[in-house]
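Participant: show me how the following folds:
(one chain, ligands or ions: 3)
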Amino acid sequence: MRDDLAIQLGPLRLRNPLVMASGTFGFGLDYRGLVEPDQVGAVVTKGLSLQPWVGHAPPRLVESPCGAINAIGLENPGVDLFVERLLPELVATGATVIANVVGKTQEEYAEVARRLEAAGGVAAVELNISCPNVKEGGVAFAASPVMAASVVRAVRAASRLPVFVKLAPMAADPVEVALACAAAGADGFTVANTYPALSIDVERGQPALTAEVGGLSGPAIRPLSVRLTARIWRATGLPIIGSGGVETARDALEYLMAGARAVAVGTATFYRPTAALEILEGLRDYVARQGLASLETLVGRAVGPPEETAADIEGQAAAYLERTGALLHGHFRLSSGLHSDRYVEKFRLLERPRVAEALVRLLAIACWDLRPEVVVGPATGGILLAYELARQLGVSRAFFTERVGGRMALRRGFSVAAGEAVLLVEDVITTGGSLMETAQAVQAAGGRIVGACSLIDRSGGRFRPPFPYRTLIRLDFETWDQAACPLCWQGVPIAEPGSRRIG
Ligand SMILES: Cc1cc2nc3c(=O)[nH]c(=O)nc-3n(C[C@H](O)[C@H](O)[C@H](O)COP(=O)(O)O)c2cc1C
Ligand SMILES: O=P(O)(O)OC[C@H]1O[C@H](OP(=O)(O)OP(=O)(O)O)[C@H](O)[C@@H]1O
Ligand SMILES: O=C(O)c1cc(=O)[nH]c(=O)[nH]1
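Facilitator: Residues are numbered from 1 along each chain as shown. Ligands and ions are numbered 1, 2, ... in the order given. Here you go, the predicted model:
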C-alpha cells in the first residue's frame with residue numbers, strides 16, 4: 001500500500017484521508033469486491049446503540065435535487081451483536097475501524113464505548129449526537145453545548161478510545177457545541193451530519209418519508225458543511241473529518257483546505273460504489289501535480305490557521321514557554337553579544353517531535369504562499385526547523401548555514417541554483433543578525449530570498465527585513481549592551497548558553 005496520502009488525524013494515523021461515512025457503507029463488509037475496507041483511511045460503522053434498534057418504517061429514503069433525504073432511524077443490531085459477529089471480520093480485513101455510537105442517555109453512550117474498547121480492534125469512537133430524524137438519542141444532545149459536553153465527559157470517563165464528535169449542522173450554535181466538547185476532552189470532530197429536511201409527496205398530500213423529517217445529504221449540502229468545517233477548525237484547531245456531498249477529489253480537497261484532515265464519502269457510494277477509490281486516485285494525481293510531499297500542508301490552507309491555537313500561542317506564549325522549561329531566567333550573553341535576563345532555550349520545544357510538528361504547521365500555513373524551492377535555517381535550531389518546514393510544505397530540499405570563523409556560511413556541499421526561491425527559518429530572533437547573515441550567504445551563492453519566518457521574535461518589533469517575514473510568537477524582553485547591563489553592575493555571573501563563541 002502506498003503511503004503518499006497518509007495523514008495524522010489526532011491520535012490516529014490514517015493510510016489515506018478517505019473515510020467511509022457512517023450509515024452509507026454498512027459495517028464495512030457489504031461492498032467487498034468493490035471497495036476493500038483496508039483501501040480507505042477508515043471505515044465508520046453504522047450508529048451502534050446498547051440494544052438493537054429497528055429504525056423507522058419505510059419509505060426511509062427519497063431523492064432530492066443534488067442529494068437525498070433519509071430517515072433510517074438508526075436501525076442497528078446493537079453493540080453486542082456487532083462486537084460478536086461483525087467486528088472480528090472487519091478487523092481481519094486490516095481496516096481502521098471507527099465506531100459510530102448513539103444512545104438515548106449519556107450513560108448509554110458511555111456503556112457502548114466501554115464495550116467497544118473492551119472488544120479491542122476499534123480505533124476510535126464517533127459520537128453521533130446529530131441524527132436529525134429521531135426524537136431521542138439524536139440531535140437532542142447537540143441542542144446545548146452543556147449536554148453535548150456531558151456526553152463527551154461520560155464517554156471519556158468510561159473508555160480511553162479517541163473521541164470524535166459528529167456535529168449537528170443546524171442545532172444550537174455548532175461552534176459553541178464544539179468548544180464545549182473540546183473542553184470536555186474531545187479529540188476531534190466530524191463536520192457534519194445531515195441537515196433536517198422535509199420532502200412532500202404531492203400526489204398523496206403527505207410527507208414523502210414516514211418519519212416526516214429526514215436528513216439531507218449529497219452535493220446540495222457540501223458548501224454549507226465546508227463552511228462549517230472552516231468555522232470549527234478556526235475555533236478549535238482540532239482534527240476534523242469533513243462530511244457532506246463529497247463526490248470527487250476536488251470536493252475532498254475543498255474540505256482539506258477548509259481545515260479537515262480526513263474526508264467522509266457517504267451518499268456518493270450509493271450511486272457510484274467505487275467513488276472513494278476514484279477520489280483517492282484523484283488525490284494522488286493532485287499531490288503529484290503539485291509536487292507535495294504530503295497532504296499535511298493543505299489542511300486549512302484556504303482559510304488560515306485556527307484562531308484559538310494562534311491566539312493561545314500568542315496570548316499565553318510566555319506561560320507556555322515557562323511551562324515547557326524553554327524560558328530561562330538569569331543573566332545571559334546572547335548570540336548578538338547583547339545581555340539579557342531571559343534566554344529562550346528553543347530545544348525545550350524542538351526536542352519534542354509533536355510540539356515541533358505542531359508549531360511548524362503554523363509556520364507552514366503562514367508561509368505556503370511564498371512557494372519556496374529550498375528552506376534554509378541558521379544552525380542550530382534552524383537545522384531541525386528547515387527540515388520539518390520543508391517536509392510540511394512539500395519542498396524537496398532543506399539545509400542550514402553555520403558559522404565559520406564567526407561568519408555564517410554554506411558548508412558541507414550545500415548550494416543553491418541561480419535564482420532558486422529560498423525561504424529562511426529561524427527559531428528565535430533577537431536582533432535578526434543570524435538570519436540576515438544567512439540571507440547574505442544564500443544570496444551570495446545565487447539564491448533568491450522569497451521570505452523568512454521564525455517561531456519566536458523577541459526583537460520588540462525592531463527586526464524588519466526587506467522581504468516578507470512572519471513570526472508565531474512576539475515577546476518583549478529587554479536586552480542591553482554590556483556597559484548598560486544592570487545584572488553586570490550587580491555582579492551576577494553571566495552564562496553563554498548558545499553555541500556561538502563571542503570575542
Ligand atoms: C442513509 C444514511 C444513513 C446514515 N446513517 C448515519 C448514522 O448512522 N450515523 C451518523 O453519524 N451519520 C449517518 N449518516 C450521515 C452520513 O454519515 C454523512 O455524514 C452524511 O450523509 C453527509 O455526507 P454525504 O453527503 O457524503 O452523504 C447517514 C447518511 C445516510 C444518507
Ligand atoms: O537574532 P539574533 O540576534 O541573531 O539571535 C538569534 C540567534 O541566537 C540564538 O542562537 P544561540 O545563540 O542560542 O546559538 P545556537 O543556536 O548555536 O545554540 C537563536 O537560536 C538564534 O539563532
Ligand atoms: O439512521 C439514520 O436515519 C441517520 C442517522 C444519522 O446520524 N444521520 C442520518 O442522516 N440518518
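Participant: need the contact list for Ile456.
Facilitator: Ile456 sits next to Ala317, Leu321, Val344, Lys346, Asp427, Val428, Ile429, Thr471, Leu472, Ile473, Arg474, Leu475 when contact means CB atoms under 8 Å, 6 or more residues apart in numbering. For glycine as for every other residue, the C-beta is placed from the backbone atoms N, C-alpha and C.
Participant: per-residue confidence at it?
Facilitator: On pLDDT, Ile456 comes in at 93.
Participant: hmm, the helix or strand harbouring it in reach of ligand 2?
Facilitator: Taking DSSP states H and E as the criterion, Ile456 maps to strand 448-457. No. Judged by CB under 6 Å from any ligand atom, strand 448-457 stays clear of ligand 2, getting no closer than 8.5 Å.
Participant: next one: that strand to chain centre, how far?
Facilitator: Relative to its chain's centre, strand 448-457 lies at 23 Å (CA atoms, centre = their mean, to the nearest Å).
Participant: over to stretch 272-287?
Facilitator: So, by CA atoms, centre = their mean, the centroid of stretch 272-287 is 21 Å from its chain's centroid.
Participant: sorry, back to before: list buried residues within the contacts of Ile456.
Facilitator: Among the contacts of Ile456, those classed as buried by 16 or more other CB atoms under 10 Å are Ala317, Leu321, Val344, Lys346, Asp427, Val428, Ile429, Thr471, Leu472, Ile473, Leu475.
Participant: give me the nearest residue to Lys400, chain neighbours excluded.
Facilitator: Careful, residue 400 is Phe; it's not Lys. Ile383 (4.4 Å; CB to CB, 6 or more residues apart in numbering).
Participant: which stretches of the stretch 201-350 of the chain have low pLDDT?
Facilitator: Along the stretch 201-350 of the chain, the model assigns pLDDT under 70 to residues 308-318.
Participant: what does it have sitting close to ligand 3?
Facilitator: Going by CB under 6 Å from any ligand atom, the residues of the stretch 201-350 of the chain near ligand 3 are Gly215.
Participant: residues of the stretch 201-350 of the chain that sit close to ligand 2?
Facilitator: Counting by CB under 6 Å from any ligand atom, the stretch 201-350 of the chain sits next to ligand 2 at Leu334, Ser335, Ser336, Lys346.
Participant: what about 5 Å?
Facilitator: Taking CB under 5 Å from any ligand atom, the part of the stretch 201-350 of the chain that reaches ligand 2 is made up of Ser335, Ser336.
Participant: please, where are all the helices along the stretch 201-350 of the chain?
Facilitator: Along the stretch 201-350 of the chain, counting by DSSP state H, counting those that start in this stretch, helices occupy 222-236, 249-257, 267-271, 275-290, 307-315, 317-324, 347-350.
Participant: return the backbone torsion pair for the closest residue to ligand 1 within the stretch 401-503 of the chain.
Facilitator: Across the stretch 401-503 of the chain, the shortest distance to ligand 1 (CB to the nearest ligand atom) belongs to Leu472, at 34.0 Å. Dihedral angles phi and psi of Leu472 (degrees, to the nearest 10) take the values phi -90, psi -40.
Participant: surely it is in contact with Ile429?
Facilitator: No. With contact defined as CB atoms under 8 Å, Leu472 does not reach Ile429; the gap is 11.1 Å.
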